[in-house]
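Enquirer: got a structure for you, letters missing:
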Ligand SMILES: CC(=O)SCCNC(=O)CCNC(=O)[C@H](O)C(C)(C)COP(=O)(O)OP(=O)(O)OC[C@H]1O[C@@H](n2cnc3c(N)ncnc32)[C@H](O)[C@@H]1OP(=O)(O)O
Ligand SMILES: O=CC(=O)O
Ligand SMILES: [Mg+2]
């Protein structure tokens, strides 16, 4: 049998490593496990990513997605079920999401919520520092040893009640973690985040009455879910944990995955803890996948609400599919956070959250997301009132009939306006300049809309043709405004250079995170957290 030493021969770590990283996270045994995951699964991951490229070629030719004929037997078989809800995941009516920096971890675990999704994805810039320190923070959180002091303020885990169940969202299949290579290749960001978290915390989480639980982002097909399931099986076998201990909730946040919900639950079934409406990436994906198709041009982002036909259809199908299979149908994130110093605007934003959560609970969702602790009370109030049981898996939504034309119904009332263009520029640039101010998915919606509007030469409600020159003029104006209002040394000008190609209908990066990854990471440099 290969020894840890021989396995480690092909492994190299290029990011800055502290004594704490070495002692807690990058142990020889954990790195050997990561190498095993890489050698077992990276080939399949790369093949699946290639499949995405081939699929895009078809979509660009105008081929529309549909339910797969080859998996009709899975959809049509009413007898199979996903796993029963695992300990700590029976009632998950309000889940807080947020990045894995130490303060956020403590604050999230102290929030009045049922679960906490610690996020290596949309809300985190994938710098080496964020990723490796996030692992340390979650290692400590699992052991209830995450307390610390910042200036005069002490951050301490509450002792007065059970903490929310921890769920971890690793990066999507498309991202590499270039600071760790195996046999000369970067490891997958997903396997890095999952592998290190699982290796160090799986047994500990079970010991404390929950388990190794994950949210799985940005998948585009059931074959990608199969890959996760294979990873889970190998991981559990490796540490001697019974198969089915891991749970994965899949974000249905690509338009292609919406046609494979049953199949995705089926692939993961003993590990499945349901699906989630990742609404922001879903809108992004719909624009992205059909960006060459003039029939899919959407109005201003503010008009693309949860009740427009294609979003409504997706929500209903998700709830129906999950409950048919006995797994949770989770709602999504209202983007609002508290607006300080403007009571009227804050009240309006909070009313928006209330209405959104009411729609979710009445539609049959079993829980929802908040992205800020101050929203937990609002979401709980609505779910407590309308969902007296721990979940509503019994709400079968048999009334719902959703077909291809519903999921692709782009009949979205609204206009494209100069104000909408400026808002998108603000959001996109703001995100690119400081990765953390907006989360990735909402920024992706903004820049994809801009790209599509220029590509298809739409005319705004004010009668202006949205061409390259117009987009570049507004981009320059927005850049100047943002740069003037920000502290000296800001990177808006650099962000604007990256953004220019993205908004003029020419280059189209598959993901902003991939576009910016090399810019924000410097091998061997532990420093910058989120800035370009
Ligand atoms: C599309 C999707 O994928 S959605 C999921 C991904 N997105 C997210 O998860 C967004 C998460 N939210 C956040 O990152 C933050 O709320 C932000 C960056 C938007 C705003 O954070 P701040 O500017 O710190 O907000 P604010 O000053 O109001 O925060 C007040 C306190 O709440 C804490 N807080 C805010 N949001 C969170 C959160 N999501 N989790 C834990 N703590 C939080 C802050 O750390 C701060 O703590 P402190 O008083 O000890 O300093
Ligand atoms: O991850 C969530 C989303 O809305 O995107
Ligand atoms: Mg997302």
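Expert: Yep, that arrived. Remember, predicted model here, so these are calculated numbers, not experimental data. Ligands and ions are numbered 1, 2, ... in the order given.

Enquirer: what about residue 101, neighbour count?
Expert: Counted by other C-beta atoms under 10 Å, the residues lying close to residue 101 total 18. Where C-beta positions appear, they are placed from N, C-alpha and C, glycine not excepted.

Enquirer: whoops, I mixed them up, residue 107
Expert: Neighbours of residue 107 (other C-beta under 10 Å): 16.

Enquirer: how far away is it from residue 169?
Expert: As for residue 107, its distance to residue 169 is 17 Å (criterion: C-beta to C-beta, to the nearest Å).

Enquirer: what's the neighbour count on residue 62?
Expert: The burial count for residue 62: 10, using other C-beta under 10 Å.

Enquirer: and it, what element?
Expert: Here residue 62 sits in a region with no helix or strand, counting by DSSP states H and E.

Enquirer: next one, pLDDT for the closest residue to it other than its chain neighbours please.
Expert: Nearest-residue entry for residue 62: residue 293, 6.5 Å, with adjacent residues in sequence omitted and distances by C-beta to C-beta, 6 or more residues apart in numbering. Residue 293 is assigned 97 on the pLDDT scale.

Enquirer: ok, now the one 4 residues further on?
Expert: With respect to pLDDT, residue 297 has a value of 97.

Enquirer: cool, residue 1 as well?
Expert: At residue 1, pLDDT is 64.

Enquirer: the one 5 residues further on now?
Expert: Here the pLDDT value assigned to residue 6 is 87.

Enquirer: in the stretch 251-400 of the chain, which residue sits nearest ligand 3?
Expert: residue 281 (3.5 Å; C-beta to the ion).

Enquirer: quick one: the closest residue to residue 147 other than its chain neighbours from residue 106, how far?
Expert: Sequence neighbours aside, residue 156 is the residue nearest to residue 147 in space, at 4.6 Å (criterion: C-beta to C-beta, 6+ apart). Separation of residue 156 from residue 106 (C-beta to C-beta) stands at 7 Å.

Enquirer: which residues are in contact with each of those two?
Expert: Counting by C-beta atoms under 8 Å, 6 or more residues apart in numbering, the shared contacts of residue 156 and residue 106 are residue 147.

Enquirer: neighbour-wise, which of the two wins?
Expert: Using other C-beta under 10 Å as the criterion, residue 156 and residue 106 rank with residue 106 on top: 22 against 11.

Enquirer: re earlier: the residue nearest to residue 62: neighbouring residues, count only.
Expert: With other C-beta under 10 Å as criterion, residue 293 counts 16.

Enquirer: swap in the one 3 residues further on?
Expert: Counted with other C-beta under 10 Å, the burial measure for residue 296 works out to 21 neighbours.

Enquirer: hang on, it packs against residue 410?
Expert: Yes: using C-beta atoms under 8 Å, residue 296 makes contact with residue 410 at a distance of 5.4 Å.

Enquirer: and the longest helix anywhere in the chain, what does it pack onto?
Expert: Across the chain, the helix with the greatest residue count (assigned by DSSP state H) is helix 28-60. The elements that helix 28-60 packs onto, with contact taken as 3 or more C-beta pairs under 8 Å, 6 or more residues apart in numbering; DSSP states H and E, are helix 4-7, strand 11-13, strand 176-182, strand 185-188, helix 189-207, helix 222-239.

Enquirer: skip the chain neighbours and tell me the closest residue to residue 276.
Expert: Residue 276 sits nearest to residue 330 (C-beta to C-beta, 6+ apart), 3.9 Å away.

Enquirer: ok, now which ones touch the one you found?
Expert: Neighbouring residues of residue 330 by C-beta under 8 Å, 6+ apart: 92, 95, 249, 274-277, 365-369.

Enquirer: spell out which parts of the protein neighbour ligand 3.
Expert: 122, 253, 278, 281, 441 (C-beta under 5 Å from the ion).

Enquirer: strands along the stretch 251-400 of the chain, start to end?
Expert: Counting by DSSP state E, counting those that start in this stretch, the stretch 251-400 of the chain has strands at residues 272-277, 329-333, 367-370.

Enquirer: which of these sits closest to ligand 1?
Expert: strand 329-333 (3.9 Å; C-beta to the nearest ligand atom).

Enquirer: now the angle between strand 272-277 and the closest one, please.
Expert: 40 degrees (axes from the mean of the first three to the mean of the last three C-alpha atoms, to 10 degrees).

Enquirer: strand 329-333 and ligand 2, any residue contact?
Expert: Yes: counting by C-beta under 6 Å from any ligand atom, ligand 2 is contacted by strand 329-333 at 332-333.

Enquirer: reformat the contacts of residue 330 as a markdown table; add distance to residue 519 and neighbour count.
Expert: Below are the contacts of residue 330 laid out as a markdown table (distance: C-beta to C-beta, whole Å; neighbours: other C-beta atoms under 10 Å):
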| residue | distance to residue 519 | neighbour count |
| --- | --- | --- |
| 92 | 36 | 26 |
| 95 | 32 | 27 |
| 249 | 31 | 27 |
| 274 | 36 | 29 |
| 275 | 33 | 29 |
| 276 | 30 | 28 |
| 277 | 31 | 26 |
| 365 | 38 | 27 |
| 366 | 39 | 29 |
| 367 | 36 | 28 |
| 368 | 34 | 27 |
| 369 | 29 | 24 |
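
Enquirer: list just the nearest of the residues you listed to residue 506.
Expert: Nearest to residue 506 out of these is residue 277 (C-beta to C-beta; 32.1 Å).

Enquirer: need the pLDDT of the closest one.
Expert: In this model, residue 277 is scored at 98, pLDDT.

Enquirer: pretty sure it contacts residue 318?
Expert: Yes: if you go by C-beta under 8 Å, residue 277 and residue 318 touch, sitting 5.7 Å apart.

Enquirer: now do the shared contacts for the two.
Expert: 252, 329.

Enquirer: surely residue 475 touches residue 499?
Expert: Yes: Residue 475 lies in contact with residue 499 (C-beta under 8 Å); the separation is 6.5 Å.
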